[in-house]
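Engineer: coords please:
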Amino acid sequence: MFTPRQLEASDLNGLACVAEGRSLATAPHVAERLLAMGLIRKTDDTTGRRTGFELTSAGLDIIHSSDQ
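Structural biologist: Have a look, this model is predicted:
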């Protein structure tokens, strides 16, 4: 399990964007890292735009722990 201290600032910012529903604001290279770590997953693309993302349970745990 990752903790906020183990992630780069850009990773935490990317997680925050996804948590706030602004997944398209996440830089592609950051999204790839978060995907590889299992903190986010791709959502179905029904709009024809770039694929969106949502938090996994592990990503949500990090958001919760960084809020405290």
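
Engineer: quick one: contacts of stretch 34-53?
Structural biologist: 2, 11, 14-15, 18, 23-24, 26, 31, 54-56, 58-59, 62 (CB atoms under 8 Å, 6 or more residues apart in numbering). (Glycine included, C-beta is placed from N, CA and C.)

Engineer: now for these, which pair is the farthest apart?
Structural biologist: The span of the contacts of stretch 34-53, defined through CB to CB, is set by Phe2 and Leu24 at 23.0 Å.

Engineer: Looking only at neighbour counts, state which of the two leads.
Structural biologist: The neighbour count for Phe2 versus Leu24, taken as other CB atoms under 10 Å, is higher for Phe2 (17 against 13).

Engineer: Helices - which of the contacts of stretch 34-53 land there?
Structural biologist: Residues of those located in helices (DSSP state H): 11, 14-15, 18, 31, 58-59, 62.

Engineer: Need the buried ones from the residues you listed selected in ChimeraX.
Structural biologist: Of the ones in helices among the contacts of stretch 34-53, the buried ones can be selected in ChimeraX as follows, counting by 16 or more other CB atoms under 10 Å:
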select :11,14,15,18,31,59,62
